[in-house]
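**Q** Just need the structure, nothing else, for what follows:
(chains A and B)
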Amino acid sequence: MSTRRTPESAPTQTAAPTRSIWSRIEAIADSFAYPLRTSHYVELVNPLWASHALQARVEKVWDETKDARTLTLRPGINWRGYRAGQHLRVGLPIGGMHHTRTYTISSPPERDDGCITITVKAIAGGRISHHIVRNVLVGAYLPIGLPQGEFYLPEAQPVKPLFITAGSGVTPAMSMLRSLIAQERLPDSAHIHYSPHQFDVIFGKELKEMAQRHSRYHLHQVFTHEYGELKQTKGYFSAEQLDRLCPDWKEREVYACGPQPLVVALEKHFEQTGMSRHLHIERFRAELAEVPAEAVGGRVRFAKSGFEIDADAHTNLLRVAEDAGMNPAHGCRMGICHTCNTKLISGCVRDLRTGKVQNEAGSIVQICIYATAGDCELDL
Amino acid sequence: MTTARLPVNLTDAQIEEFGRELDAIRAEVIDSRGDRDRQYILRVIKTQRSLALGGRILIFASTLFLPAWGHALASAASFWVLIAVGTLSLALAKILENMEIAHNVLHAQWDWMKDDNIQSNTWEWDHVCPSDQWMRSHNVRHHTWTNVLGKDPDVGYGLLRVSSAQRWKPFYLGQPLYALLLALLFEWGIAIQELELGRVFAGKMSLEQIRPMLRRTGKKMAAQAMKDYALWPLLAVILTLPFTLAGAGPPLLGVFLWVFAANAVASLLRNLWTYLIIFCGHFPADVYVFTKQQVENETRASWYVRQLLASCNIRGGKLFDVLSGNLSHQIEHHLFPDLPSNRYPDLALRVRALADRYDLPYNTGSLTRQFGTTVWKILRLTFPGGSTLGAA
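**A** Residues are numbered from 1 along each chain as shown, chains lettered A, B, ... in the order given. Coordinates of the predicted model:
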């Protein structure tokens, strides 16, 4: 992932140094609603006006492919601007239980109706993604988080971007391209996009139209499946393919998003050619380091809730807690959002991304991305 | 061991089997919790907030119809109708909040939804006692030691003699009066009971030790009283002020007092109702109380049996169930305090039949029977003696 970070990307929930007049008025109004807040009653009139919990109304749903759907969301008044390529957390009650997933915003910030879109592909066996694609209806209100993420184009525009995307990995690139076009400052851009076949392309028509209308946008579609085929048989990423589709790739800043095998292949290739500095990656899930063969699991104790269970060395502790019947707070499940931060009371845990071991009592660990290394005790 | 201890005709092994049956029922409900339950609690919360908001708007509106306004629609009749409906609506909101929402949320009945807005550790209720303080004595002490003399703080609330097993003291001669005062000020009574000031009087703790607790409760009380008895009446005055200054509105003191009174009556109705329901939970005739010796080394199964013997249901319809916070199913609530309350009616069918199979008592009756026998008991036990059912 790009390590570039601008001040704007810092979380903006910081309190103003002096209390604004508005927050004073709010505090007075809230004492009329005590122990609730005025916002809880405002929510009765319109959930989008509530300030205690950010929600979005589903305005429209549209199938992009047979298993991918775009949801047009109207966020509540406390929503703030985002940068093309960022993602947000979406809360989904399924079977009465609240789940959280992270989705990339596919609309451009320049969109002027106050709405955003997310485009979700139903993953085989994925209960949450299946629910959002099939069961979320227009008019539903979903809890959302503020935009996050560092995968966006720098303000000082790269001269020539190359987007390499696959499947629903097209979403951040789509937001960027739509944004650049809306700003009328689309640079010479190349785009290699992998999808099953020509009728199974998320944003397929719009991509083609863009390629026809904008001579500076060079689209290379790679189809990976024969019709009716379930498993991919062709079109894998290769050095030769990259040279052929985009001969000047070494002069470009590369923005890539897609499934793990593609991302791994790209990283390897760019490392071998010494071009890693120019590769910016957005992952669907965290990249995990190999857990050493001698690693052992152990007894995990959850101090506050009193649960104690055995866990192996590669199951993340969030999953362990959930399997034990607990409900720890969590967000992205991939080590980005820090919603699941938990204090390590004692013992030893392993960061599944780096393989590094943490045994300092009192340190904060992201349980979605740490597994136990021997026994451990968590403040949960 | 337990055979001799609990007043039931079951062997230890039989009690354990009874416990397994209840565990199975509990597991079944836990596995079947789902969207239906979520929709239920969301609907109750929405209804409660709408009633509160609507009630307050109606109370405000009523002051616009005070005869002193002199406009065509202003009359005593329209004023009284509006203020009565508004007050009733606010009282219902307070009852729903305390009984069906907060009490059950604070029992962690809805924590499984993982909904940040409906969690036992963050919910603050519309009551003068701080939530977490109340949870400690209610969830931990009352629910673990239900009707165990000297352990359960809710046996008579440290004020009343509700079982002949409590030794009579001349203090109890005043208990009809205490009971009446407690009914009128129930909310405040609960908050003060939580502080266990007796510990300070008995010299077991210094005032300094309980000062943080006093401060928190004091703050909560102040914020609650401020909202109902100062802010809302004052807002009504401010809205009326320009008209009265222009000579067209009613006297400001009158407006203040009417809104104040409406809030006070709503709180009073809530106090009386909650008192009525809660006193029917563990005090009616034929309920059992226990001594500390009876519950030594108690197993989970014998705890179940004790909860069954120590709790009483009230028969009523659907609306009654909701307004009582489903404490009309007090037995089921005490067996399964953390299962969603909307499941209690169905659970009651099963628990009642189960108790019948094991020949265990199941104390249920009309509100008249349950409250009537409770009142009679309070009156009778004002004096020494009394029947000794359930006492060791």
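
**Q** Name all residues that make contact with A:Ala321.
**A** A:Phe302, A:Phe307, A:Pro328, A:Ile367, A:Leu378, A:Leu380 (Cβ atoms under 8 Å, 6 or more residues apart in numbering or on different chains). Yep, even glycine has a C-beta here, placed from its N, CA and C like the rest.

**Q** ok, and the closest non-adjacent residue to the second one?
**A** I take that to be A:Phe307. A:Ala324 (4.5 Å; Cβ to Cβ, 6 or more residues apart in numbering or on different chains).

**Q** From what I see, the one you found and A:Ile309 are in contact.
**A** Yes - A contact is recorded between A:Ala324 and A:Ile309 when judged using Cβ atoms under 8 Å, the distance being 5.0 Å.

**Q** correct me, but B:Ser50 touches A:Leu44?
**A** Yes - taking contacts as Cβ under 8 Å, B:Ser50 lies within contact range of A:Leu44: 5.9 Å.

**Q** CA atoms only for the particular helix or strand that has A:Cys376 in it, dumped as CSV, please.
**A** For A:Cys376, the element it lies in under DSSP states H and E is strand A:370-378. Output in CSV follows, covering the C-alpha atoms of strand A:370-378 (Å, rounded to 0.1, in the frame of the first residue of the first chain):
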residue,chain,number,x,y,z
TYR,A,370,-2.7,-11.0,15.2
ALA,A,371,-2.7,-14.6,16.3
THR,A,372,-1.5,-16.1,19.5
ALA,A,373,2.0,-17.4,19.8
GLY,A,374,1.9,-19.7,22.8
ASP,A,375,-0.5,-18.5,25.5
CYS,A,376,-1.8,-15.0,25.7
GLU,A,377,-4.2,-12.9,27.7
LEU,A,378,-6.2,-10.0,26.2
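
**Q** which residues are in contact with it?
**A** Defining contact as Cβ under 8 Å, 6+ apart, one finds that strand A:370-378 is touched by A:291, A:295-303, A:311-317, A:320-321, A:342-352, A:357-359, A:365, A:367.

**Q** Which ones among the residues you listed map onto strands?
**A** Per DSSP state E, strands hold the following members of the contacts of strand A:370-378: A:298-302, A:311, A:342-351, A:357-358, A:365.

**Q** what does the domain assignment say about chain A?
**A** Per automatic domain parsing, the structural domains of chain A span A:19-143, A:161-283, A:298-378.

**Q** Can you give me the distance of whatever residue of the stretch 201-350 of chain A ends up closest to chain B to A:Leu344?
**A** Sorted by distance to chain B under Cβ to the nearest Cβ, the residues of the stretch 201-350 of chain A start with A:Asn327, at 4.5 Å. A:Asn327 sits at a distance of 20 Å from A:Leu344 (criterion: Cβ to Cβ, to the nearest Å).

**Q** more crowded one of those two?
**A** In terms of neighbours (other Cβ atoms under 10 Å in any protein chain shown), A:Leu344 is the more surrounded of A:Asn327 and A:Leu344; the figures are 22 against 17.

**Q** what bridges to the more buried one?
**A** In this structure, A:Leu344 has beta-bridge partners A:Leu378, where bridges are defined by DSSP bridges.

**Q** picking up where we left off before, which one of the domains of chain A lies nearest to B:Ser32?
**A** Between B:Ser32 and the domains of chain A, the tightest spacing by Cβ to Cβ is seen for domain A:19-143, at 10.1 Å.

**Q** Check whether that closest one comes into contact with chain B.
**A** Yes - contact of domain A:19-143 with chain B (Cβ under 8 Å from any Cβ of the partner chain) involves A:31-36, A:40-41, A:44, A:52-53, A:93-99, A:143.

**Q** returning to what we had before: which of the ones in strands among the contacts of strand A:370-378 are buried?
**A** Neighbour counting with 16 or more other Cβ atoms under 10 Å in any protein chain shown marks A:298, A:300-302, A:311, A:342, A:344-345, A:347-351, A:358, A:365 as buried within the ones in strands among the contacts of strand A:370-378.

**Q** secondary structure class for residue 73?
**A** Using chain A. What DSSP: H, G, I helix; E, B strand; the rest coil gives for A:Leu73 is strand.

**Q** in which helix or strand would I find the residue nearest to it when sequence neighbours are not counted?
**A** Distance criterion Cβ to Cβ, 6+ apart; nearest residue to A:Leu73, sequence neighbours excluded, is A:Ala56 at 4.0 Å. Per DSSP H and E, A:Ala56 falls inside strand A:55-65.

**Q** do A:His98 as well
**A** A:His98 is located in strand A:97-104, with elements delineated by DSSP H and E.

**Q** which helices and strands does that strand pack with?
**A** Using 3 or more Cβ pairs under 8 Å, 6 or more residues apart in numbering or on different chains; DSSP states H and E as the contact criterion, the secondary-structure elements in contact with strand A:97-104 are strand A:87-94, strand A:116-121, helix A:127-134, helix A:170-182.

**Q** Output those as a markdown table; include the columns mean pLDDT.
**A** Shown next, in a markdown table, are those (pLDDT from 0 to 100):
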| stretch | mean pLDDT |
| --- | --- |
| strand A:87-94 | 92 |
| strand A:116-121 | 96 |
| helix A:127-134 | 92 |
| helix A:170-182 | 96 |
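
**Q** now for the ones you listed, which one comes closest to B:Arg26?
**A** Of all these, it is strand A:87-94 that lies closest to B:Arg26, at 23.1 Å by Cβ to Cβ.

**Q** so the closest one versus strand A:97-104, what angle?
**A** Between the axis of strand A:87-94 and that of strand A:97-104 there is an angle of 150 degrees, by axes from the mean of the first three to the mean of the last three Cα atoms, to 10 degrees.

**Q** Show the contacting residues for the residue of the stretch 251-392 of chain B found nearest chain A.
**A** For the stretch 251-392 of chain B, the residue closest to chain A is B:Pro340, as judged by Cβ to the nearest Cβ, at 9.3 Å. B:Pro340 makes contact with B:Val29, B:Arg33, B:Asp37, B:Tyr40, B:Ile41, B:Asn104, B:Gln109, B:Trp110 under the criterion Cβ under 8 Å, 6+ apart.

**Q** show me which of these neighbour chain A.
**A** Intersecting the contacts of B:Pro340 with the contacts of chain A gives B:Arg33, B:Asp37 (criterion: Cβ under 8 Å from any Cβ).
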